[in-house]
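# Here's my sequence, what's the structure:
(2 chains)
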Amino acid sequence: MRPRLARLLVRAYPRAWRRRYGSEYAALLEDVPATAAAITDAVGAAVALHARAASKSLITSGGSAVTIDFGGWHARTFALLAILVALPTTVVLALSALAYNVGIPGMAAAIEPIQQQLLGNKIIGLGLMGAPVLAFAIAVLPVLRFSLHREAGELMISFAIRGRALTLVAVVLSLLLVAFFAMHSAAEFLFGT
Amino acid sequence: MTVVQDPGLLIMISLASGPKHGHAMMRDVEAFASVHLGPGTLYGALTRLDAEGLVEPMAPDGRRRPYRLTPAGRSALRARLQEMREAVSIGLARVVG
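Numbers count the residues shown, from 1 in each chain, chains lettered A, B, ... in the order given. From the prediction side, this is the model:
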């Protein structure tokens, strides 16, 4: 069989299988004559292996498996993105704390017009408040793996987190911001401040 | 026509005489069992046997990779052949007797 035809046939196989057996299988295909029977046999086996690979996500004891895995995403990049998303809210809150809570002289007067302009715009205001929630989702999704399947007739739920240090930073930052807004809203509701 | 058609069993019988790569297995099976295993059938069965730990790959010889029976594979083959021998003995005894 010509190497080009052998390579073409090997490409019909599942990627994981090709990584393990592709090279030696291509060598075997090159050793056998390119008969219709050999080609049909190779294609048939490729289909069977694809079916077998697909059925691995179907549990043989019955029922289908549901796996939500974001692990292929680049967790560090997503953590950085999350921090960037949460950054404007963090800056606004940090400046407010320095001006009003710490009481740095002249700072309140400096930031007040900017704050009024920002918070006067509903979209920007909502964006600043919603950013921590979005940042949390962006940071957490790439490290989550959720799986629902049947094992020996029992419904099994598994949940795993593959953490990264930067993910933890992004998650803590976004949760702190969310907690701040929650407490601020609660204080406004309870004390009208 | 041969009695044994199971590609996995034919591969294991072939490897019982020593390690072989894919094409050597195809030729050997054709010689001792008159069964022509297609390349896909051969590697489909070999993948399963490998996953079950009954055969194992050896260091590649160029692009070709020989396989050999594992100790578990040899035991499984012996058990399977003994079962077949018992079935043949019973069948012969009934036919002759």
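# Could you use CA atoms for every contact and neighbour count after this?
OK.
# Grab the nearest non-local neighbour of whatever residue of chain B ends up closest to chain A.
Nearest residue of chain B to chain A, counting by Cα to the nearest Cα: B:Gly40, 4.1 Å away. Nearest residue to B:Gly40, sequence neighbours excluded (Cα to Cα, 6 or more residues apart in numbering or on different chains): A:Ala42, at 4.1 Å.
# Now that neighbour: which helix or strand?
Following DSSP states H and E, the helix or strand that holds A:Ala42 is helix A:36-55.
# Contacts for that helix, please.
Here helix A:36-55 makes contact (Cα atoms under 8 Å, 6 or more residues apart in numbering or on different chains) with A:Leu9, A:Ala12, A:Tyr13, A:Pro14, A:Val32, B:Gly38, B:Pro39, B:Gly40, B:Thr41, B:Gly44.
# And the closest residue to the third one other than its chain neighbours, how close does it get to B:Leu92?
When you say that, I think you mean A:Tyr13. Excluding the flanking residues, the one nearest A:Tyr13 by Cα to Cα, 6+ apart is A:Ala46, at 4.8 Å. Distance, A:Ala46 to B:Leu92, by Cα to Cα, to the nearest Å: 40 Å.
# So between the two, which is more surrounded?
A:Ala46 (23 against 11; other Cα atoms under 10 Å in any protein chain shown).
# mind checking the backbone torsions on the residue positioned nearest the centre of chain A?
Centroid-nearest residue in chain A: A:Pro142, 2.7 Å away (criterion: Cα atoms, centre = their mean). As for A:Pro142, its main-chain torsions (degrees, to the nearest 10) stand at phi -70, psi -10.
# Can you list the buried residues in stretch B:23-41?
For stretch B:23-41, burial by neighbour count (16 or more other Cα atoms under 10 Å in any protein chain shown) applies to B:23, B:25-26, B:28-29, B:33, B:35-41.
# And the strand or helix carrying B:Gln82, what's buried?
Secondary structure from DSSP H and E places B:Gln82 in helix B:71-96. Buried residues in helix B:71-96, counted by 16+ other Cα under 10 Å: B:Gly73, B:Arg74, B:Ala76, B:Leu77.
# Tell me the confidence at the last one?
According to the per-residue confidence, B:Leu77 scores 95 in pLDDT.
# quick one: the helices in chain B?
According to DSSP state H, chain B carries its helices in the segments B:7-15, B:22-33, B:39-51, B:71-96.
# so how far is the longest one off the chain centroid?
Read it as helix B:71-96. Mean-position distance between helix B:71-96 and its chain equals 14 Å (Cα atoms, centre = their mean, to the nearest Å).
# Quick one: name the residues of chain B near chain A.
B:Gly22, B:His23, B:Gly38, B:Pro39, B:Gly40, B:Thr41, B:Tyr43, B:Gly44, B:Arg63, B:Arg64, B:Arg65 (Cα under 8 Å from any Cα of the partner chain).
# Same list (those) but as a markdown table, adding pLDDT.
As requested, those are arranged in a markdown table below (pLDDT from 0 to 100):
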| residue | pLDDT |
| --- | --- |
| B:Gly22 | 94 |
| B:His23 | 95 |
| B:Gly38 | 92 |
| B:Pro39 | 94 |
| B:Gly40 | 93 |
| B:Thr41 | 92 |
| B:Tyr43 | 95 |
| B:Gly44 | 92 |
| B:Arg63 | 88 |
| B:Arg64 | 92 |
| B:Arg65 | 94 |
